[in-house]
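**Q** have a look at this prediction, sequence included:
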Amino acid sequence: MTQEIKTVPFTYEALSQLEMKEGILELQIGPAHAGSGHMRILAWVEGDTVVKVDPDVGFVHRGVEKLSEDRLYIKAIPIVERPSLVDTVNANLGYVIALERLLGLEPPPRAQYIRVITAEISRIMSHLYGIAIYGIFMGSSTVFMWAVADREPFIDLLQELTGARITYSHIIPGGVRWDLPKGFADKVEVALRYLENRMKDYEKVWINNPVVMARSVGVGKLSSQDAIRLGVVGPNLRASGVKYDVRKNDPYAAYADFDFEVPTFKEGDSYSRLLIRVEEIKQSMSIIRQALKRLPEGKVIYEDYYKRMSPLMKEIYDKTGRVKFTLMLTSLSPPKGEAISRVEGGRGEMFYYLVSDGGKNPYRFRLVTPSFRNLPYFTHVMPGHKLADIPVIYGSIDYFPPEADR
Amino acid sequence: MMTFLYFIPNSWLPLLESAFYALIFPGFVAILLLAFFIIWFERKAAARVQMRYGPLWVSKRTGGIIQLLADMIRFSFQEFIVPQGADFIPFVFLPGLLLAFSVLPTVFIPIGPDYSHIFPSSYTLLLAVAFTLVIPVYLVVLGWAADNKFSFIGALREAYLLISYEVPFILAVASAFLLYGTLDLVKIVGIQESTLPGIILNPIAAIVYIIAVIRATGRVPYDIVEADSELVFGPYTEYSSLMFGFVMGVPYIELYSYSLLFSVLFLSGWAPVTGIGFLGGLILPGIVTFVKAVIVMCFLVFLRAVYPRYKLDKAVRAGWSWVFYLALISLLLSAFVSRVLW
Amino acid sequence: MSDQKTPRKSALGEVKGHIDALATGFKYFVDPHRMTLDYPAEAMELPKNYRGFFRLIDEKCIGCSLCEIVCPSNAIVMMQLPVAQPPAPKAGAQGSQQAGAQPAPRPAPRVKKRPLVDWGMCIFCYFCVDVCPTEAFEPSNIHDLSYFEESEYRPTFEGFLKLPESPSRNSRKVVARLDEKNGIRYEEKGDKE
Ligand code: SF4
Ligand code: SF4
């Protein structure tokens, strides 16, 4: 059954007609509002029913693309991390893959595995954050606090690896910056088992909570045809029953080596979007375990790079596993050409497009973030629901305004 | 009685006693202290569940119990802003009025067996219920007066919920009346003392009552009126300064009077303790009633740590369907139980 | 696994859901798993490799400006500092690896170039630390910094030669341990070994 989509065109006349209509109230939710995030949502309600929603994106636009374009290639790494602060590894990874394709580099297998491990840890954190936002938008501060607190063990893991809590800047062209420290696998195992235990409590307090089910089952339905037509991505797409995951469909890093499921749900409502995140956390755990078990030996940076390091740098790398930057890395100038890369971030497919004119800075850099592509939920799914469903749908799609605004 | 106050003419004593009730216990001072405690408890309990500490740094030794005092001081130094379009008189005076009205029901709720000579009436149950039901009307006016869309929607939600949960609430109280056969709360406790607490005699009525109380006082999961993720703070959105403190305190005081009534109606009030005179007939039983009420309150505020918010249409539907059916069943149960017992 | 349907509940299941939720909440109320750190009173001892404030080791720096080039947020400026002319020509004491290869016929320069980091702009990516060919930056795990006046904050070269003082340096130090039951557990720093 395809959903009938109400379309009120975004023209000035149509909107002003809407405002003139008797009994329609225009609500400006945000940008300084508890339930809007860094954006303004314009909602027109008739009684308690939402007639039209207009997400006003761009409030936290920071010009990531343009900022990256007047910097050295390497300098864009911390910048591309900034839009999606809860999922930095995947953002970093996508950019570096595009850059590597321009340069024609192939990182060694150990680096690929480390990338997968950190990316999956990042995905777990991103999904936990999504659950947290869903919780706070539905008025449960407990789940918000829990999920945010349960990111902490994983932050701690990556902190031990990279030395930073959120903005790791860990992945560089040709490899990663730090090798896994000793005993890392055991610590990961502890954190994973902790989360597994906690998930049981989440199930009781949150997922099976009758109030949660009453509010989210059947709310914000998007059928699979509509989901494909509107181009939504990531867990939201899979919650609508479309089995599409970049990790499976276009494997990057070392994802081809692991076997994992791509969970999907039939309904496509807010509740299945919550459940899919829980399921994907389980899959990520299994990927991390597999990767740690089969972690190949070797260098974390490609051989040629290692050869060009100065003796001091080599010594540091051999002793601590820290990759020093050489002059080559700082002044990358890829040959003329263009490259794209796609990665499956926590919120969905991240797309990177990089054009080089042979100079030291990217000629053009384009970044398409999953949150932006999930915007149709506002314009096409929210109308027809109740006012109180706006935060539920908003929370369930795990929309992150800074990421959409870039 | 009160022999130490020998210098006061005997004829003044009832007056003094009434003043004591109104001002100190279970009246104003007790309510104030309780509001402090319960807000602190709510935050602490939620914090414990949520892996946090909650208020701590204002007086660390006591676990931050005077946090609210600090907040109040801060509120009182803030500017009180009246929005341009607001209806001045209701906007400014309703918070105080609301506060006064929320304290009022406690007058009619006896806290000891000797209360009947302080407030001699055999319709105390009716009076208490009547006065608790006044508050939402003012809340609707308050939401309208602020001239803010969110306040307005909040007030409308309050009106919807008011209508749909008032009926079950009154039915629950009516089934209590049917059960005990009297409207005099002192007698109601007497009956419970001689038989069983009301919560065992008619648990369904107690459940319906609790649900209605959660609704009426806006506790989670029924904090639909002030739902912060869509309506910033519901009818109270435009308030600032001390007025905000007032409107924030109102639900807690309401909660207190509802819980006091619950402890008298269903938890057999001062049950194990009875006596006569000022101390034995009022203060000691009063403390027992009070403690029971506080436990009920603690349970109700604890819900914040577990539940998310319910939705308006679902809540209204629930109010008219299963809560209403439960209320009807509780009436039948009351009729049945009272036939068997009496 | 895939293509699941979301579960639905009967009325009885709903009652069970309520009881489960309340019981779980109560479980945590009785036995809280606190994860907050009582920050100013106790502070976390961060791992050695934490990317905190760093300082410049003047003797090691060769003034190559690489750190300025690589800094993504342009937080580093190279300063021209006058060099007190030594009576004897400079020995290869500093930066021996780099300078050792080349003969030194040139006269000693009058100025030396030294980096200066503006902490207000730094994002602690440690690109500069990693790019420095002579390891002239000494990293530390100090992550907190507070000033009473703006003048204290202003970056100076002398200030950059020593590590800033952390406001929590006198707090009780704890270390975070991963824990299967509690997630993160804070232990006294002493019982580490
Ligand atoms: S750590 Fe700070 S100073 Fe160094 S490169 Fe990064 S932003 Fe620049
Ligand atoms: S600190 Fe290091 S990178 Fe920066 S100028 Fe000195 S030697 Fe060069």
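**A** Cool, got the structure. Ligands and ions are numbered 1, 2, ... in the order given.
**Q** what residues does chain C have near ligand 2?
**A** C:61-67, C:115, C:131-132, C:134, C:136-137 (Cβ under 6 Å from any ligand atom). Just so you know, the C-beta spots here come from the backbone N, C-alpha and C atoms, and that holds for glycine as well.
**Q** show me where pLDDT drops low in chain C?
**A** Counting by pLDDT under 70, chain C has low-confidence residues at C:1-9, C:84-109, C:190-193.
**Q** around chain B, which positions in it sit nearby?
**A** Contact residues (Cβ under 8 Å from any Cβ of the partner chain) of chain C with chain B: C:21-22, C:24-26, C:28-29, C:32-36, C:38.
**Q** circling back: let's see which of the residues of chain C next to ligand 2 end up in helices.
**A** Per DSSP state H, helices hold the following members of these: C:Leu66, C:Cys67, C:Val131.
**Q** wouldn't the last one be in contact with C:Val70 here?
**A** What it means is C:Val131. Yes: counting by Cβ atoms under 8 Å, C:Val131 touches C:Val70, with 4.7 Å between them.
**Q** if I look at the most centrally placed residue in chain C, how far off is ligand 2?
**A** Centroid-nearest residue in chain C, with Cα atoms, centre = their mean: C:Gly52, separated by 1.5 Å. The gap separating C:Gly52 from ligand 2 is 17 Å, by Cβ to the nearest ligand atom, to the nearest Å.
**Q** what about that residue, distance to chain B?
**A** According to Cβ to the nearest Cβ, to the nearest Å, C:Gly52 and chain B sit 26 Å apart.
**Q** ok, that residue touching C:Ser140?
**A** Yes: judged on Cβ under 8 Å, C:Gly52 makes contact with C:Ser140 at a distance of 5.1 Å.
**Q** one step back: which one of the residues of chain C next to ligand 2 is nearest chain B?
**A** For those, the residue nearest chain B by Cβ to the nearest Cβ is C:Phe137; the value is 36.6 Å.
**Q** got a list of what that closest one touches?
**A** Contacts for C:Phe137 were tallied using Cβ atoms under 8 Å, 6 or more residues apart in numbering or on different chains; they are C:Phe54, C:Arg55, C:Leu56, C:Ile57, C:Cys67, C:Cys128, C:Val129.
**Q** most neighbours, which of those?
**A** Counting neighbours by other Cβ atoms under 10 Å in any protein chain shown, C:Cys67 comes out on top of the contacts of C:Phe137 with 25 neighbours.
**Q** wait, it touches C:Val131, no?
**A** Yes: C:Cys67 lies in contact with C:Val131 (Cβ under 8 Å); the separation is 5.9 Å.
**Q** quick check: which ranges of the stretch 151-300 of chain B have low pLDDT?
**A** Within the stretch 151-300 of chain B, the segments meeting pLDDT under 70 span B:277-279, B:281.
**Q** helix, strand or coil for the residue in it that ligand 1 sits nearest to?
**A** Residue nearest to ligand 1 within the stretch 151-300 of chain B: B:Ser229 (36.2 Å; Cβ to the nearest ligand atom). Put simply, B:Ser229 is coil when judged by DSSP: H, G, I helix; E, B strand; the rest coil.
**Q** which non-adjacent residue is nearest it?
**A** Nearest residue to B:Ser229 in three dimensions, chain neighbours excluded: A:Gly35, at 3.3 Å (Cβ to Cβ, 6 or more residues apart in numbering or on different chains).
**Q** strands along the chain, start to end?
**A** Defaulting to chain A. In order along the chain, chain A carries the following strands (DSSP state E): A:24-29, A:40-46, A:49-56, A:171-172, A:175-176, A:337-344, A:349-356, A:364-368.
**Q** chain C is the one I meant
**A** Under DSSP E, chain C gives strands at C:42-44, C:54-56, C:76-82, C:111-117, C:137-139, C:172-179, C:183-188.
**Q** chain B now?
**A** Going by DSSP E, chain B shows no strands.
**Q** and it, which of its residues are near chain A?
**A** Within chain B, the positions near chain A by Cβ under 8 Å from any Cβ are B:46, B:49-52, B:149-150, B:153, B:220-221, B:223-224, B:227-230, B:232, B:304-314.
**Q** residues touching residue 128, list them.
**A** Because you didn't say which chain, this covers chain A. By Cβ under 8 Å, 6+ apart, A:Leu128 lies in contact with A:Ala147, A:Val148, A:Asp150, A:Arg151, A:Phe154, A:Ile281.
**Q** switch to chain C, please.
**A** Contacts of C:Cys128 (Cβ under 8 Å, 6+ apart): C:Leu66, C:Cys67, C:Glu68, C:Val70, C:Cys71, C:Ile76, C:Pro115, C:Val117, C:Phe137.
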